[in-house]
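1. Following is a predicted model, sequence given first.
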Amino acid sequence: MEGTTKRTRPKQIIIRMTETEFSTYQNRLKQSKLTAQKYCLRCLLDNEKINVIENMPDLIRHLKGIGNNLNQIARAVNSGEREPTAAVNELGNGVNELWQLLKQFRVAGRTAKTR
């Protein structure tokens, strides 16, 4: 055994999958952006649910936009350019939009868990 290195994880398992299962595994692995080993270890040992939310970049973009709008409203009110009542109404609209996005996020998370 000269010239061999000791592995930190010397145990190996082999599993068999159908084409459909393997395709699902590959898609989830790709979306997780983890290595195959890290993905499998997290799923098996860490009791960690790996949720892949497909539209996360869209959600983040919307949240940034809402945040920018809220900052603009706050600046306008603080500078006296806007009436506080109108700003509060716009703020309420922003909060409602944020709530709708978060509900979509929650539904997507449930869908990802049940896949």
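-> Received it, and whenever you're ready, just let me know what you need.
2. how does this structure divide into domains?
-> Here the domain parsing of the chain from automatic domain parsing is 12-50, 53-115.
3. mean confidence for the last one?
-> Here domain 53-115 scores 74 as its mean pLDDT.
4. Please identify the buried residues of stretch 65-77?
-> Neighbour-count burial for stretch 65-77, with 16 or more other Cβ atoms under 10 Å as criterion, is recorded at 66, 70, 73, 76-77. Yep, even glycine has a C-beta here, placed from its N, CA and C like the rest.
5. Next, format the domains of the chain as TSV and append distance to residue 6.
-> Supplementary listing: these in TSV, determined by distance: least, Cβ to Cβ, whole Å:
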stretch	distance to residue 6
domain 12-50	14
domain 53-115	37
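6. Relative to residue 5, which of these is closest?
-> domain 12-50 (15.4 Å; Cβ to Cβ).
7. Distance-wise, check residue 14 relative to residue 41.
-> 15 Å (Cβ to Cβ, to the nearest Å).
8. Who has more neighbours out of the two?
-> Looking at residue 14 and residue 41 with other Cβ atoms under 10 Å, you find the greater number of neighbours at residue 41, namely 14 against 4.
9. confidence score at residue 12?
-> 88.
10. Let's verify it: helix, strand, or coil?
-> In terms of secondary structure, residue 12 is coil; the call rests on DSSP: H, G, I helix; E, B strand; the rest coil.
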